[in-house]
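Novice: Give me the fold of what follows.
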Amino acid sequence: IDVTPDDKKVPSVEVQHVWRVYDAIAEQWHGTRYKAWPRVADFARTFGKGELVADVGCGNGKNAYSLCENGAFVCACDVSRPLLDIAKRETHGLPYDCFDADACRLPLQSSAVDGALSIAVLHHVSTLERRRFAVSEVFRILRVGGRALFYAWALEQRDFEARSGHKFASSDVLVPFHLR
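Specialist: Okay, the predicted model is just below:
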């Protein structure tokens, strides 16, 4: 399957309702997202000394400590420069290098990394075609035998698992963030 987007331009809905929103709410969002989720941390800790891991959509770098705990080096990217600034500030001294990149256009060589995270990224990508391409980009940069972990919001959630408390009538909805 060819998953290359026909149009290389980022859809305006993503720029307006994802990229610009995260730029505007970066500091407040950082105050609510300060550590890796338990299962993400467990996966992250499986990488060790000498391994290179990509944190695609790294946000404020909340996965950095778990990723670096056993000596892995991390190349982390996000589209929000304010979140990247926070990640750089919060991960000072860790082998965690941050750069600006869209998950659909990773500026890394093919087969370059031992592992990758894409945590809470795919549901911010506005089309099925771009979501497929974002996944294929992660697979492109993984070496043979590399491992990746993807997490995304799901429409179908059991009541006892829905930590956010959100209920959706359909998929592909805009969820407002209320700046306090």
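
Novice: What ranges does the protein have for its helices?
Specialist: Taking DSSP state H as the test, the helices found in the chain are 12-14, 20-32, 38-44, 64-68, 81-90, 128-141.

Novice: Off-centre distance for the helix or strand bottoming out on mean pLDDT in the chain?
Specialist: Sorting the helices and strands of the chain by mean pLDDT, DSSP states H and E puts helix 20-32 at the bottom, at a mean of 76. The chain centre lies 15 Å from the centre of helix 20-32; the measure is CA atoms, centre = their mean, to the nearest Å.

Novice: repeat for stretch 47-64
Specialist: 10 Å.

Novice: Name the residues of it that come out as buried.
Specialist: Neighbour counts over stretch 47-64 (16 or more other CB atoms under 10 Å) mark 47, 51-64 as buried. In short, each C-beta sits where N, CA and C put it, glycine included.

Novice: Just the closest of those residues to residue 136, please.
Specialist: Taking CB to CB as the measure, residue 56 is the one of the buried residues of stretch 47-64 closest to residue 136, at 12.1 Å.

Novice: ok, the closest one - contacts?
Specialist: Contacts for residue 56 (CB atoms under 8 Å, 6 or more residues apart in numbering) come out as 76, 77, 103, 106, 116, 117, 118, 121, 134, 137, 138.

Novice: Can you pull out the residues in contact with stretch 126-145?
Specialist: Contacts of stretch 126-145 (CB under 8 Å, 6+ apart): 1, 3-6, 11, 13-14, 18, 54, 56, 103-106, 108-116, 118, 121-122, 125, 148, 150, 172.

Novice: Please flag which of the residues you listed sit within strands.
Specialist: Using DSSP state E, 54, 56, 113, 114, 115, 116, 118, 148, 150 are the members of the contacts of stretch 126-145 that sit in strands.

Novice: centroid residue for this protein?
Specialist: Nearest residue to the geometric centre of the chain (CA atoms, centre = their mean): residue 57, 2.6 Å.

Novice: wait, doesn't it sit right on residue 123?
Specialist: No - using CB atoms under 8 Å, residue 57 is not in contact with residue 123; the gap is 10.5 Å.

Novice: Cool, thanks, signing off.
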